[in-house]
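In: task: produce atomic coordinates for the following.
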Amino acid sequence: MILACGTLLASCQSKEQQILGKWNMHLVSNDGTDVTEEHNPENNRWIDFKDNGAYISDGDPYGKNSGKWSFNEEGFLFLDSDADEGDDSYWEVDISKNKMVWKGAVFEFTKTFSLEYRRAEDPT
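Out: Modelled structure (predicted):
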């Protein structure tokens, strides 16, 4: 098992460990339709998860955001935005190496969305 964890480190880490660092938005889909051009028109959106439970995100067209992140009892990622309560969200998250996929959970509006992120080369 130790050898397997050394070889497949990501699979032996918890989601709380795997999610840390900076991720660049790669793809946005709504009900299976690619809407990346609308939600990431400049291809510059990113999110950075800190080990103290804070996150920062930025990019067009929505701009900078920050808040706290955690995984709830159901295993959903909860983003508690500093912007306002209406900006909070829950996501089912799958992380595989340098790719992370979010599927909307809990709120009806987000349930149709799927977001794909790629780990940033420079984790600043």
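In: how near is Met100 to Glu85?
Out: Remark: distance between Met100 and Glu85 (Cβ to Cβ, to the nearest Å) = 25 Å. Yep, even glycine has a C-beta here, placed from its N, CA and C like the rest.
In: who has more neighbours, the two?
Out: Met100 (23 against 7; other Cβ atoms under 10 Å).
In: now Trp91. Its backbone dihedrals?
Out: phi -140, psi 140 (degrees, to the nearest 10).
In: tell me what it is bridged to.
Out: Using DSSP bridges, the bridge partners assigned to Trp91 are Leu77, Gly104.
In: ok, it - contacts?
Out: Phe76, Leu77, Leu79, Trp102, Lys103, Gly104, Ala105, Thr110, Leu115 (Cβ atoms under 8 Å, 6 or more residues apart in numbering).
In: among these, which one sits closest to Asp58?
Out: Nearest to Asp58 out of the contacts of Trp91 is Leu79 (Cβ to Cβ; 14.1 Å).
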